[in-house]
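In: Mind looking at a prediction? Sequence and model below.
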Amino acid sequence: MSSKKKNINQIASSIRDVPDFPKKGIVFKDITPVLSDINLFRKSIDLMVEPFTENKIDVVVGIESRGFIFGTPIADKLNASFVPVRKPGKLPHETEQISYQLEYGKDSLEIHKDSINEGQNVLIVDDLLATGGTAEATCKLVSKLKGNISGFVVLIELEFLEGRKKLNQYNVHSIVKY
Ligand code: AMP
C-alpha cells in the first residue's frame, strides 16, 4: 500500500462516528481525535493542500467553525491570506450576506466585504461536505466579491448525499469518502 493510502486510512480510522448527534438520525463525524494527534493533523493538512500547491492561491476562505481549524494552516502552507465566513452577527465590519435553504428552514452566512479583491484566487475550506448547501452558499458569497474560486477542499465527503452535484462547476477535493 502507498504511504498516501496508509495516511488516508489512518485518518479515516481515527474519525469518530457519533450516532444521533446533534439530532436523531444523524451520524456526526467527529474530527477531534484527528486534531488531538498532531501527526495525523499535519498529514490531513498536507493531503488537503497537495492538489492546490501550483494554483497560486491568494486567499483561503474557512467556513465557521471547523473550516477555521483546517483553513488557517492551509493558508500558511499556501502563503495565502485567511478569511473567515461566519454565521450572522459575528463579523464586526461591513459584510456581504447570503441566505440558503436547510432541510428544515433557512440559514445565513457572512463575509467581510473588503476581504477579497476582484480576481483573487480563492480556495474554500471546510471539514466536511454533506448536502453541499453550505459550500454552495459560500461559493456564492465569494463570487459576490468577484473572487475567482480555484477550488473547494474538505477532509470528509459524505458521497451518498451528493453535495458535489451542487458544486459541479468547481474543483472539489476530499480526502476521506463515505
Ligand atoms: P452541508 O451544507 O449539508 O454540506 O453541511 C456541511 C456543514 O455541516 C459542514 O460545515 C459540516 O461541518 C456540517 N455537517 C453536516 N453533516 C455533518 C456530519 N454528519 N458530521 C459532522 N458535521 C456535519
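Out: Yep, it's here. For clarity, every value in this text was computed on a predicted model and none was experimentally measured.
In: Only C-alpha atoms from now on, for both contacts and neighbour counts.
Out: Noted.
In: ok, which residues in the protein are in contact with the ligand?
Out: Residues of the chain lying near the ligand by Cα under 6 Å from any ligand atom: 26-29, 126-134.
In: Compare those and tell me which is most surrounded.
Out: Note: the member of these with the most neighbours is Leu129, at 26 neighbours, neighbours being other Cα atoms under 10 Å.
In: Give me the nearest residue to it, chain neighbours excluded.
Out: Nearest residue to Leu129 in three dimensions, chain neighbours excluded: Glu157, at 4.8 Å (Cα to Cα, 6 or more residues apart in numbering).
In: what separates that neighbour from Pro88, distance-wise?
Out: In this structure, Glu157 lies at 25 Å from Pro88, with Cα to Cα, to the nearest Å as the measure.
In: out of those two, which sits in the busier spot?
Out: Taking other Cα under 10 Å, Glu157 and Pro88 do not tie; Glu157 has more neighbours (23 against 15).
In: Can you name the residues bridging to the more buried one?
Out: Each beta-bridge partner of Glu157 is listed here, defined by DSSP bridges: Leu129, Lys177.
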